[in-house]
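> Need a 3D model of the following:
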Amino acid sequence: MTYQALHGHYLEDLQIGMSESYSKTVSEADIVAFANVSGDTNPVHMDEAFAAASPFKGRIAHGMLGASLLSTVFGTRLPGPGCIYVSQDLRFKAPVRIGDTVVAAVTITEIDTAKRRVKFACECRVGDTVVIDGEAILMVSRKAK
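Below you'll find the predicted structure:
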């Protein structure tokens with residue numbers, strides 16, 4: 001398929017207030033795979049006995065595993081294929097545990113057409129609890145003339 005056929009939203013398609021989300025239930029396999037890919041084998045993620053003595057009283061998922069779900073939204077839904085991450089600001093507010101379903105949601109808050117930059121409010125929730133929030137800036141292509 002061509003670049004144009006696979007491309008997500010173009011800059012001209014976007015409006016302030018547009019939003020999208022993605023949900024995923026975090027599994028043991030997800031945590032192990034993330035540890036293998038990232039190299040982050042902190043025992044708070046990998047070892048129940050160690051994690052039980054931590055302030056979290058049990059194993060927690062990597063914060064960046066939850067945050068990576070925001071990248072899923074950007075790269076596959078809004079703006080979608082073709083966008084480029086420029087920056088991300090995150091605040092980790094609560095732990096994510098094995099079996100939790102994380103809903104990652106993004107909403108357009110600003111569009112700078114001259115620079116082709118789009119700012120998003122970002123939030124990950126488990127139920128009613130915000131576990132991650134922040135802002136991201138992405139570069140989005142214009143339609144070919």
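> Go through the top helix by length along the chain and flag the buried ones.
The residue-count maximum for a helix in the chain (DSSP state H) belongs to helix 63-76. Judged by neighbour count using 16 or more other C-beta atoms under 10 Å, the buried positions of helix 63-76 are 63, 65-70, 73-75. C-beta: built from backbone N, CA, C; applies to glycine.
> Could you give the separation of that helix from the chain centroid?
Using C-alpha atoms, centre = their mean, to the nearest Å, the mean C-alpha position of helix 63-76 is found 2 Å from that of the whole chain.
> which strands and helices sit next to that helix?
Counting contacts by 3 or more C-beta pairs under 8 Å, 6 or more residues apart in numbering; DSSP states H and E, helix 63-76 is packed against strand 19-25, helix 28-38, strand 84-92, strand 101-112, strand 117-126, strand 129-139.
> residue ranges with poor pLDDT in this structure?
For the chain, applying pLDDT under 70 flags the ranges 1, 3.
> Just send the buried residues of helix 63-76 back as TSV, with distance to residue 8 too.
Listed next are those as TSV, based on distance: C-beta to C-beta, whole Å:
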residue	distance to residue 8
63	26
65	23
66	23
67	20
68	18
69	17
70	15
73	11
74	9
75	8
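> returning to that earlier point: ok and the longest helix of the chain relative to strand 84-92, angle-wise?
150 degrees (axes from the mean of the first three to the mean of the last three C-alpha atoms, to 10 degrees).
> residues making contact with helix 63-76?
For helix 63-76, contacts defined as C-beta atoms under 8 Å, 6 or more residues apart in numbering pick out 8, 20-22, 24, 26, 30-31, 34, 38, 40, 80-81, 83, 85, 88, 90, 92, 96, 102, 104-106, 120, 122, 124, 131-132, 136, 138.
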